[in-house]
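*Asks:* could you work out the structure for the sequence below:
(one chain, ligands or ions: 2)
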Amino acid sequence: MNLTATAAADPDWILHDCAEPDRDCRAQALARQDRLTKPPGSLGALEAAAVRLAALQRTEQPSLQRVWISVFAADHGVAAEGVSAFPQAVTGEMVRNFASGGAAISVLARELGARLDVVNLGTVNDPGDIPGVRRVVLAPCSGNVCVEPAMSEPQLRAALQAGADSVRLALAANAQLYIGGEMGIANTTAATALSCALLDLAPAQLAGAGTGLDAAGIAHKAAVIERALARHADARDARERLRCLGGFEIAALAGAYIAAAQAALPVLVDGFIATAAALAATRLNPGVRDWLLYAHRSHERGHAALLDALGAQPLLALDMRLGEGSGAAVAVPTLRLACALHAGMATFDQAGVSEQV
Ligand SMILES: O=C(O)c1ccc[n+]([C@@H]2O[C@H](COP(=O)([O-])O)[C@@H](O)[C@H]2O)c1
Ligand SMILES: Cc1cc2nc[nH]c2cc1C
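*Replies:* Ligands and ions are numbered 1, 2, ... in the order given. Now for the predicted structure:
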């Protein structure tokens with residue numbers, strides 16, 4: 001494993017200031033929304049989304065033609081505790097599927113005309129060097145959080161940096177929106193453990209079915225998370241909690257969100273695991289919060305609590321629970337329509353329509 005030049009040069013980069021959304025663009029967009037031919041507020045969350053995107057993209061006319069999706073795959077040592085409905089080999093198999101175009105996110109990216117970047121951070125069933133996959137392998141899998149930290153400090157730094165590097169690629173491609181996806185068997189256990197530690201909640205309050213556990217499986221998963229929390233009770237700050245309880249892809253997502261916020265690139269957050277990474281990112285650097293839009297409320301049991309803790313109002317609730325960035329990709333057309341309405345509707349003056357009395 002090699003640390004990139006950036007991380008080696010400035011290990012504290014995650015603490016640097018985030019960009020500021022543009023207040024003037026926000027005010028102009030708000031004023032325009034009120035002049036468009038509709039009762040004020042009648043387009044609901046679409047109005048709020050267009051106004052936020054105007055402020056984040058620093059423009060009167062936000063647009064989402066160029067969308068970047070990075071999917072981070074990684075395996076988890078805690079899979080050995082029997083916490084997933086699927087075998088660990090699936091993570092590596094799905095990396096191959098992402099690259100060959102057969103995964104849900106592959107289809108969605110094609111439909112959206114989005115760039116799909118697949119990053120293998122370490123999979124036990126390693127597909128090796130295959131076209132369409134960037135290998136940033138930190139280890140075959142993270143540590144089993146019941147008995148050891150998920151990551152060493154150098155691995156955490158490299159995972160955060162892998163996220164930042166994906167943002168650099170997105171910026172080089174002139175992306176207007178960044179989506180981070182994840183794939184990792186057992187990562188709902190890691191994401192739940194991390195969230196419980198960050199929010200001081202009991203595992204029984206957050207643990208859910210993941211890929212499809214039954215009630216007994218969920219109870220076992222909650223007990224495994226209890227053990228992990230007890231093992232890492234001395235991890236007191238967000239960085240140490242992420243290192244001990246997270247995973248490579250969760251840390252990469254957190255690093256990507258921080259780097260995007262620092263570079264003024266808006267982010268659309270996906271489901272449960274991505275939101276746990278967003279929670280960690282906002283605890284590591286509170287300025288990240290302004291740059292995060294939330295795509296959907298996942299079917300995963302703990303997602304609503306995470307969204308509430310972040311004050312997030314997701315656009316959609318479709319009972320999706322796939323991950324891969326799929327929920328975020330599905331929300332992109334809604335955001336594109338919000339931008340089209342903002343740019344294309346006539347004002348009361350232009351259309352000769354009478355205003356509210
Ligand atoms: O995004 C979500 O809300 C979501 C909810 C449940 C499961 N997943 C996906 O399912 C995998 C983890 O599930 P599990 O049961 O193995 O912990 C991982 O690859 C995630 O992308 C994703
Ligand atoms: C097949 C499969 C695809 C996935 N994509 C994201 N998580 C996943 C988990 C499984 C099991």
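*Asks:* over to Glu60: give its phi and psi.
*Replies:* phi -80, psi -30 (degrees, to the nearest 10).
*Asks:* the helix or strand containing Thr189 and ligand 2 in contact?
*Replies:* In the assignment (DSSP states H and E), Thr189 maps to helix 187-199. No. If you take CB under 6 Å from any ligand atom as the test, helix 187-199 misses ligand 2, and the best it gets is 8.3 Å. Glycine gets a C-beta too; all of them are placed from N, C-alpha and C.
*Asks:* mind telling me what element Ala329 is part of?
*Replies:* Going by DSSP H and E, Ala329 is part of helix 326-344.
*Asks:* shouldn't Ser298 be within a strand?
*Replies:* No. Applying DSSP: H, G, I helix; E, B strand; the rest coil, one finds Ser298 to be coil, outside a strand.
*Asks:* pLDDT score assigned to it?
*Replies:* You'll see Ser298 listed with a pLDDT of 98.
*Asks:* re the thing from before, export the helix holding Thr189 to CSV, keeping only CA atoms.
*Replies:* Taking Å, rounded to 0.1, in the frame of the first residue of the first chain, the C-alpha atoms of helix 187-199 are listed here in CSV:
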residue,chain,number,x,y,z
ASN,A,187,-21.0,-3.3,5.5
THR,A,188,-24.4,-2.6,7.0
THR,A,189,-22.9,-4.0,10.2
ALA,A,190,-19.9,-1.7,10.0
ALA,A,191,-22.1,1.3,9.1
THR,A,192,-24.5,0.5,12.0
ALA,A,193,-21.7,0.1,14.5
LEU,A,194,-20.1,3.4,13.4
SER,A,195,-23.5,5.2,13.5
CYS,A,196,-24.3,3.8,17.0
ALA,A,197,-21.0,5.1,18.3
LEU,A,198,-21.4,8.5,16.6
LEU,A,199,-25.0,9.0,17.7
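*Asks:* coming back round to it: list the buried residues for the helix holding Ala329?
*Replies:* Neighbour counts over helix 326-344 (16 or more other CB atoms under 10 Å) mark 326-332, 335-336, 338-339, 341-342 as buried.
*Asks:* identify each buried residue in stretch 77-95, please.
*Replies:* Buried-residue list, stretch 77-95, by 16+ other CB under 10 Å: Gly77, Val78, Ala79, Glu81, Val83, Ser84, Gln88, Val90, Thr91, Gly92, Met94, Val95.
*Asks:* before we move on, what about stretch 187-200?
*Replies:* Of all the residues in stretch 187-200, those buried under the rule 16+ other CB under 10 Å are 187-199.
*Asks:* pLDDT and distance to ligand 1 for the residues you listed - can I get that in JSON lines?
*Replies:* Putting the buried residues of stretch 187-200 into JSON lines (pLDDT from 0 to 100; distance: CB to the nearest ligand atom, whole Å) gives the following:
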{"residue": "Asn187", "pLDDT": "99", "distance to ligand 1": "5"}
{"residue": "Thr188", "pLDDT": "99", "distance to ligand 1": "3"}
{"residue": "Thr189", "pLDDT": "99", "distance to ligand 1": "5"}
{"residue": "Ala190", "pLDDT": "98", "distance to ligand 1": "8"}
{"residue": "Ala191", "pLDDT": "99", "distance to ligand 1": "8"}
{"residue": "Thr192", "pLDDT": "99", "distance to ligand 1": "9"}
{"residue": "Ala193", "pLDDT": "98", "distance to ligand 1": "11"}
{"residue": "Leu194", "pLDDT": "98", "distance to ligand 1": "13"}
{"residue": "Ser195", "pLDDT": "98", "distance to ligand 1": "12"}
{"residue": "Cys196", "pLDDT": "98", "distance to ligand 1": "15"}
{"residue": "Ala197", "pLDDT": "98", "distance to ligand 1": "17"}
{"residue": "Leu198", "pLDDT": "98", "distance to ligand 1": "17"}
{"residue": "Leu199", "pLDDT": "98", "distance to ligand 1": "17"}
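*Asks:* many thanks, I have nothing further to ask.
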